[in-house]
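**Q** fold the following, please.
(one chain, ligands or ions: 1)
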Amino acid sequence: MEHYFTNNTNLKSEMRTILFTKEENVFTFFSDLGVFSKNKIDYGSKLLLNTILKNNPSENQKILDIGCGYGFLGICLGKILKSQADFSDVNERALWLCAKNIQENQVNGQVIKSNTYEKITEKYDMIVTNPPIRAGKIVVLDILLNAKDYLNSNGTVWFVIRKDQGAKSIVQKLEGVYEITNMAKDKGFYIFKAKMR
Ligand SMILES: C[S@@+](CC[C@H](N)C(=O)[O-])C[C@H]1O[C@@H](n2cnc3c(N)ncnc32)[C@H](O)[C@@H]1O
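**A** Next comes the predicted model:
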């Protein structure tokens, strides 16, 4: 079965653009078949972005968008917070689109093909993710639990999970490592901020 994280080299291409306006910025995202939320920005990702921005984040941060897809979260945060954003995913088409979108929206950052943190070598002030629930709980927990090794001191992990996708049990597993705060709740999506204990 094909998923949004499957690399299928035979997949045809039907590029499209998605426009997104936030504050005074108008972002253009190139999207295509075979990537997550190909026709519109995901509601949970938008809620995550809006919640981060409402909580007075500082500028000049170093941000990692893990499971970046075509780059929505990291590109908006990188631009609005005048920050460096790096992007990682396993889906090659998503990474190619993300690189194009970084250039289109003039954000400073690099794209890294990496299964969770395998190829990540730096540390970040903020790790942000709409994790790949369809890839299974092991991958999701790998991304969320191991974020601690890629955070600067005082760094935070921000993530979105739907209530019906096991938010409660995932958060329980993270509580030993992080202090977790539920920062927003809307239409079944929960936004969490995790800080090292
Ligand atoms: C729910 S989508 C979120 C995409 C994007 N961040 C957004 O908000 O639109 C999750 C992403 O995680 C990626 N992914 C799946 N398995 C992964 C893994 N093992 N390591 C890194 N990324 C993975 C998928 O390819 C997909 O792009």
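**Q** the ligand contacts on the chain?
**A** 4-5, 36-37, 42, 45, 66-69, 72-73, 88-91, 94, 115-116, 130, 132, 135, 139 (CB under 6 Å from any ligand atom). The way it works is simple: take the backbone N, C-alpha and C, and place the C-beta from them, glycine included.
**Q** could you turn the buried ones of these into a ChimeraX selection?
**A** Applying 16 or more other CB atoms under 10 Å to the residues of the chain next to the ligand leaves a buried subset, and the ChimeraX line that selects it is:
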select :4,5,36,37,42,45,66,67,68,69,72,73,88,89,90,91,94,116,130,132,135,139
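**Q** among the residues of the chain next to the ligand, which are located in strands?
**A** Among those, the members found in strands (DSSP state E) are 66, 88-89.
**Q** looking at the residues you listed, which is nearest residue 49?
**A** The closest of these to residue 49 turns out to be residue 66 (CB to CB; 15.0 Å).
**Q** and that closest one, what does it touch?
**A** 88-89, 116-117, 120, 127-129, 131, 143, 147 (CB atoms under 8 Å, 6 or more residues apart in numbering).
**Q** please, where are all the helices along the chain?
**A** 43-54, 72-80, 92-104, 137-145, 167-174 (DSSP state H).
**Q** among these, which is the most enclosed?
**A** Mean neighbours per residue, mean count of other CB atoms under 10 Å, is largest over the helices of the chain for helix 72-80, with a mean of 25.
**Q** need the residues that contact that one.
**A** Counting by CB under 8 Å, 6+ apart, helix 72-80 makes contact with 20, 22-23, 25, 27, 29, 41-42, 45, 48-49, 52-53, 57, 63-65, 68, 83-87, 98, 101-102, 105-109, 126, 128-130, all of which sit outside it.
**Q** what angle separates it from helix 43-54?
**A** Angle between the axes of helix 72-80 and helix 43-54 is 30 degrees (criterion: axes from the mean of the first three to the mean of the last three CA atoms, to 10 degrees).
**Q** mean confidence for helix 72-80?
**A** In this model, helix 72-80 carries a mean pLDDT of 98.
**Q** tell me how far that helix lies from the chain's centre.
**A** 10 Å (CA atoms, centre = their mean, to the nearest Å).
**Q** change the start of the numbering to 465 and stick with it
**A** Okay, using 465 as the starting number, the last item reads as helix 536-544.
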